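Participant: Everything below, folded, please.
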Amino acid sequence: MGTPATTTISITKATDMFDDFLVRAIFAGIGVALAAAPLGCFVVWRRMAYFGDATAHAAILGVAFSLAFGLSIFIGTLTVALAMALTVTTLAGRGYAMDTLLGVLAHSALAFGLVAVSLQQGIRIDPMSYLFGDILAVSKSDLVVIWLGAIGVVALMIWRWQGLLTSTLNPDLAYASGIDPKREQLVLTIGLAVVVAVAIKVVGALLIGALIVIPAAATRAVTRSPEAMAASAALVGAASACGGLWLSYTMDTPAGPSIVCVAAMFFAATNLVARIGLTR
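Facilitator: Okay, here's the model as predicted:
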């Protein structure tokens with residue numbers, strides 16, 4: 001059993017490890033991947049890719065909201081992303097065409113957000129860092145927020161997994177089993193809003209949707225159960241984050257887009273493997 005002095009030294013060394021910006025970036029990417037993976041599976045199963053994009057684009061408006069009222073970026077983006085997701089869900093249930101509605105709201109929120117950010121007086125901010133992410137600038141406090149959000153989303157998905165899965169595969173069976181599909185839709189909406197809020201610093205508003213959808217789509221062709229797909233998607237997302245950061249470090253490319261490029265390569269590879277297996 002270690003002495004108090006030994007324990008203190010170990011904690012200090014662990015803390016010092018996070019002084020390295022690259023270590024913080026790796027842990028941030030893995031945290032976002034773990035949160036996005038289970039949600040991405042439901043987004044793919046429900047064919048809600050554009051829904052995720054609309055929620056992500058609204059995050060820029062949340063950044064402007066945070067700057068205007070002196071709030072944390074996480075609170076502002078979470079509030080606006082959740083409001084956007086709830087608005088889309090409500091209007092879609094009243095007869096509006098989903099694809100048209102998402103196109104109008106997604107692009108409008110992004111445009112209004114960029115205009116609002118540009119109008120902030122006395123605040124110097126690079127909009128590109130929120131559009132495409134700035135994972136290399138993640139601080140220790142950002143890392144805490146990312147991992148708390150990731151743990152919260154994973155816990156929510158584990159808690160509501162069966163209800164979400166049943167309502168996704170067969171809403172009528174869900175009703176017969178005493179599960180309310182609308183409630184499960186709300187759970188998914190909250191999870192998406194949290195992921196958008198924690199991921200905007202990592203990959204940016206324009207690429208969040210890709211990090212949610214691509215790892216899940218990459219594993220769909222090579223897994224045989226929903227649970228295996230969710231776990232595999234988390235591994236692909238984490239590997240994409242690490243691989244993208246390595247690519248960015250060695251080739252001096254933008255970190256956020258590099259992460260998405262690696263995820264896209266995983267998608268191409270797994271689908272190629274699946275097709276080869278089917279032709280044999």
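Participant: Can you point out the buried residues in the helix or strand where F27 lies?
Facilitator: Using DSSP states H and E, F27 sits in helix 21-45. The neighbour-count check on helix 21-45 (16 or more other C-beta atoms under 10 Å) flags 24-45 as buried. C-beta here means a position set from N, CA and C on the backbone, and glycine is covered the same way.
Participant: and stretch 57-77, which residues are buried?
Facilitator: Using 16+ other C-beta under 10 Å as the test for burial, stretch 57-77 gives 57-67, 73-74, 76-77.
Participant: So which of those residues are in helices?
Facilitator: 57-67, 73-74, 76-77 (DSSP state H).
Participant: my guess is C41 contacts A231, does it?
Facilitator: No - C41 is not in contact with A231 according to C-beta atoms under 8 Å; the separation is 9.8 Å.
Participant: Do a quick rundown of the helices in this protein.
Facilitator: Using DSSP H, helices in the chain cover 4-17, 21-45, 49-69, 73-92, 98-118, 127-132, 140-169, 171-176, 181-199, 208-220, 226-251, 255-279.
Participant: Take these and write them to TSV, including mean pLDDT.
Facilitator: As requested, these are arranged in TSV below (pLDDT from 0 to 100):
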stretch	mean pLDDT
helix 4-17	54
helix 21-45	89
helix 49-69	81
helix 73-92	81
helix 98-118	80
helix 127-132	77
helix 140-169	90
helix 171-176	86
helix 181-199	86
helix 208-220	91
helix 226-251	93
helix 255-279	87
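Participant: who are the neighbours in contact with M48?
Facilitator: Shown in contact with M48 (C-beta atoms under 8 Å, 6 or more residues apart in numbering): F42.
Participant: if I look at V145, how far off is V80?
Facilitator: 16 Å (C-beta to C-beta, to the nearest Å).
Participant: meant to ask about A268, not that
Facilitator: Counting by C-beta to C-beta - A268 and V80 are separated by 34 Å.
Participant: Likewise for S108?
Facilitator: 13 Å.
Participant: So which of the two has more stuff around it?
Facilitator: V80 (25 against 14; other C-beta atoms under 10 Å).
Participant: nearest residue to that one other than its sequence neighbours?
Facilitator: G62 (3.4 Å; C-beta to C-beta, 6 or more residues apart in numbering).
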